[in-house]
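Participant: how would this look folded up:
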Amino acid sequence: MILGFLLFYVGAVLFLNGLWLMARIQDREIVVINVVSGLVAGAVVVQGAFGAGAEAASIRAAALTLMFSTTYFWVAYNRFAGVDGRGLGWFSLFVAITTIPVFVSGLTAAATGRDIWLAGNWVVWGVLWFMYFLLLALGKPILKQTAWVTLLAGIFTGWLPGWLLLDGLM
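Facilitator: Next up is the predicted model:
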């Protein structure tokens, strides 16, 4: 159930960040969903890494989830600080590289179709973080493409599966 809860908010923040990158939401307004999603992911991190049932797998999941919450808080910070986002771009490269072994280990350990789907999500998220690296750190002119990938990733790797998991349909 925690996975559905988390993915639901990942979907919301990615969808809205995609709209923001398309200039349909103002800079200061996008802060709200990024802070809320950062807090949601942060709560999962605290519970998974430091909660009563914390063990190796939950600590690993918390470490990976912290990459999401850090990204969301960093986006929110950048909107208030008015910085160019290069630091977030370089962090995004770190995260994009990290998604490669996460995907491989997830696929290797997959026992169900849902496990394979989740491993595949790491590929999508890795591509997305790499696009943020190209856009923010290297200044590549891929804003429109990044906006669309962000929006679609929000729907298909976050919101829709999160809702299905919360509703017990997946």
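Participant: low-confidence stretches in the protein?
Facilitator: By pLDDT under 70, the chain has no low-scoring segment.
Participant: can you give me the strands for it?
Facilitator: With DSSP state E, there are no strands along the chain.
Participant: residue with max distance from the center of it?
Facilitator: Centroid-distance maximum for the chain: A52 at 25.4 Å, with Cα atoms, centre = their mean.
Participant: shouldn't G87 be in contact with T71?
Facilitator: No. Taking Cβ atoms under 8 Å as the definition, G87 is not a contact partner of T71, at 11.5 Å. Every residue, glycine included, has its C-beta placed from N, CA and C.
Participant: so the two - more neighbours on which side?
Facilitator: Neighbour comparison, G87 and T71: the larger count goes to T71, with 24 against 14 (by other Cβ atoms under 10 Å).
Participant: didn't that one look like it was pressed against V95?
Facilitator: Yes. The criterion here is Cβ under 8 Å, and T71 meets it with V95 at 7.1 Å.
Participant: identify the contacts common to the two.
Facilitator: Residues touching both T71 and V95 (Cβ atoms under 8 Å, 6 or more residues apart in numbering) are W129.
Participant: please name the residues that touch G89.
Facilitator: By Cβ under 8 Å, 6+ apart, the residues touching G89 are Y132, F133, L134, L135, L136, A137, L138.
Participant: and T65, by the same measure?
Facilitator: For T65, the contact set (Cβ under 8 Å, 6+ apart) comprises L6, A41, V44, V45, G48.
Participant: return the member of those residues nearest to T157.
Facilitator: Using Cβ to Cβ, L6 is the member of these that sits closest to T157, with 11.5 Å.
Participant: center of the protein - which residue?
Facilitator: The residue lying closest to the centre of the chain (Cα atoms, centre = their mean) is F68, at 4.4 Å.
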